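K.L.:
Sequence and predicted model, in that order:
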Amino acid sequence: GAPLEMSVRGERGSEVVVRDILVGEVWLCSGQSNMEWSLTAILSPIPEILRANDPNLRLFLVPKRTADRPQSDVEAAWKPCDPEAARPFSAVAYYFGSELRKALGVPVGLIESAWGGTRIEPWTPPAGFDAVPELKPILAGLADQVAVYRKDLGLALPAWERWARDSRKAVASGAELPSRPKALVHPLDDPQAPTSLYNGMVHALVPFGLRGAIWYQGESNRNDGLLYEKKMEALIRGWRAVWGMDDLAFGYVQLAPYAYSYLRETPAGDVPDFLRLPLIWEAQLNTLRLPRTGMAVVTDITDLNDIHPRNKKDVGARLALWARAKVYGEGGLVYSGPIFKSMAVAGDKATLSFDHVGGGLISNDGQTLKWFEVAGADRIFYKADAEIAGDTVVVRSAKVAVPAAVRHGWHQLAVPNLANKEGLPASPFRT
């Protein structure tokens, strides 16, 4: 409702009054550049910025900062949403919050803590790495780097002490200042170092009461393949641990197709460049196994030549659909596009079943279904014909007598057209 006021009175008559307090739903919004991308950088930004005027939507923008240990505060403040406050704020977060405001009718607070180009490891607290056995070596490696830094610092201190002594004398006498020794850089003074951004940009927010978090990141971890699922798990479990909230909701955006550079040759045992992104898609899809998670698919919201698709409104709205349905229990909402469930083979045809078909499956551009491939036992994939049959898709190729595997949208340039009637696209997958 209306903003509240709180008075705190001391024994000797002193008083502190805190005004303009709202009670509502608070979400942490984090990731790399596609989350950081502000309203100024979307399509037709001026009208959107001028419309951003809702005093019951509050924005909190965390400044970029690395730290070698968890920080207890950040230099930021809550601001009512108006054009000035919204202009530098995350567009995805703004649209997400705006949708929640309309649906819930209560105040919504958004905390943006994002940094373009960063990996997932810097955002993860030690508790997250400890919770995933496969990632414990990351903390061990960081400890080794810090140990080397401490050793080097010990060796460098005499030179710095001489410089400080000689500098004091030079300042007092007006003599020429001595040359400064080479500075040592702490391993955590790096936005890509594990835990560095958690320390500087997230820890100070604990234990602020959150309903959940939304996350848009992964481009900088594109070469991690399926290990990215473990890193997502570490981030989610780590944040839930430090907040002491096992039910902290976590929604995220599956990356959009994009024309990353191609490798001319694939090193032996390595993954072809055009398949690196599909493996991240699969890792993100697999992360839905964790409770209280949700994923927005954006294969149709893309620009293959721009890693920052400008349509952030639909991205935020899809995240809000998940939150409304699964976090706030709003009934009757279709909040996800089709997700592969099972495959049945009869003769030369493979029939695919899906969850989240909504009102039915469609081609979202009115064309025949695209980007389906089928393989036999030899696992050589061929372009396939695909047709919608009720709530299933039937796939076949004249080159494959008995299908053994199907994949959909399995290429970094794939912009598939399978969706449900609610307009939400299917996630890329392989059977």
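P.N.:
Thanks, I have the structure now. Numbering: from 1, shown residues only.

K.L.:
Any figure for the gap between the residue sitting furthest away from the middle of the chain and D166?
P.N.:
Relative to the C-alpha centroid of the chain, counting by C-alpha atoms, centre = their mean, S173 is the outermost residue, at 55.7 Å. Using C-beta to C-beta, to the nearest Å, one obtains 11 Å as the distance from S173 to D166. All C-beta atoms are positioned from the backbone trio N, CA, C, and that covers glycine.

K.L.:
and S179, how many neighbours does it have?
P.N.:
Neighbour count of S179, defined by other C-beta atoms under 10 Å: 8.

K.L.:
Nearest spatial neighbour of it, chain-adjacent residues omitted?
P.N.:
With sequence-adjacent residues excluded and distances taken as C-beta to C-beta, 6 or more residues apart in numbering, S179 is closest to W163, at 7.9 Å.

K.L.:
List the contacts of the one you found.
P.N.:
Each residue near W163 by C-beta atoms under 8 Å, 6 or more residues apart in numbering is listed here: P178, S179, R180, P181.

K.L.:
Surely the last one and L157 touch.
P.N.:
This points to P181. No. Contact criterion C-beta atoms under 8 Å: P181 and L157 do not qualify, at 9.6 Å.

K.L.:
For L290, grab the count of nearby residues.
P.N.:
14.

K.L.:
Next up, phi/psi of it, please.
P.N.:
Main-chain dihedrals, L290, degrees, to the nearest 10: phi -70, psi 140.

K.L.:
Would you quantify the distance from it to A346?
P.N.:
35 Å.

K.L.:
same deal with T302?
P.N.:
34 Å.

K.L.:
With W123 instead?
P.N.:
W123 sits 47 Å away from A346, going by C-beta to C-beta.

K.L.:
neighbour-wise, which of those two wins?
P.N.:
Comparing W123 with A346 by other C-beta under 10 Å, the one with more neighbours is W123, at 29 against 10.

K.L.:
so what's the more buried one up against?
P.N.:
S30, L197, Y198, M201, V202, Q217, L235.

K.L.:
now swap in L361 and tell me
P.N.:
With contact taken as C-beta under 8 Å, 6+ apart, L361 is in contact with P338, F354, I388, D391, T392, V393, L418, A419, N420, K421.

K.L.:
out of these, which are inside strands?
P.N.:
Among the contacts of L361, DSSP state E puts F354, I388, T392, V393, L418, A419, N420 in strands.

K.L.:
wait, the first one sits on S336?
P.N.:
This means F354. No. Contact criterion C-beta under 8 Å: F354 and S336 do not qualify, at 10.1 Å.

K.L.:
Need the three-state assignment for the residue nearest to F89 when sequence neighbours are not counted.
P.N.:
Of all residues not flanking F89 in the chain, L59 sits nearest, at 5.1 Å (C-beta to C-beta, 6+ apart). Under the three-state scheme (DSSP: H, G, I helix; E, B strand; the rest coil), L59 adopts strand.

K.L.:
L59 touches D82, doesn't it?
P.N.:
No. L59 is beyond contact range of D82, at 9.3 Å (criterion: C-beta under 8 Å).

K.L.:
Comparing those two, which residue is more hemmed in?
P.N.:
The neighbour count for L59 versus D82, taken as other C-beta under 10 Å, is higher for L59 (26 against 16).

K.L.:
coming back round to it: now the residue farthest from the centre of the chain: how far from S167?
P.N.:
To S167, S173 is 11 Å away according to C-beta to C-beta.

K.L.:
R65 too?
P.N.:
From R65 across to S167, the span is 28 Å (C-beta to C-beta).

K.L.:
Same question for L197.
P.N.:
In terms of C-beta to C-beta, L197 sits 34 Å off from S167.

K.L.:
Who has more neighbours out of the two?
P.N.:
More neighbours surround L197 than the other of L197 and S167, with 30 against 14 (other C-beta under 10 Å).

K.L.:
excluding its backbone neighbours, what's nearest that one?
P.N.:
Counting by C-beta to C-beta, 6+ apart, L197 lies nearest to P122, which is 3.9 Å off, once chain neighbours are set aside.

K.L.:
Can you check the pLDDT for that neighbour?
P.N.:
Looking at P122, its pLDDT is 98.

K.L.:
Also A114?
P.N.:
Looking at A114, its pLDDT stands at 98.

K.L.:
same check, this time on Y262
P.N.:
The model reports Y262 with a pLDDT of 58.

K.L.:
just checking, what's the longest helix in this protein?
P.N.:
Looking across the chain with DSSP state H, the single longest helix is helix 136-173.

K.L.:
Please tell me how far it is from the chain's geometric centre.
P.N.:
Relative to the chain's own centre, helix 136-173 is displaced by 36 Å; criterion: C-alpha atoms, centre = their mean, to the nearest Å.

K.L.:
quick one: buried residues of it?
P.N.:
Using 16 or more other C-beta atoms under 10 Å as the test for burial, helix 136-173 gives I138, L139, L142, Y149.

K.L.:
cool, and stretch 340-359?
P.N.:
For stretch 340-359, by 16+ other C-beta under 10 Å, it's F340, M343, D348, K349, A350, T351, L352, F354, H356, V357, G358.

K.L.:
Then stretch 303-322?
P.N.:
In stretch 303-322, counting by 16+ other C-beta under 10 Å, buried: 308-309, 311-316, 318-322.
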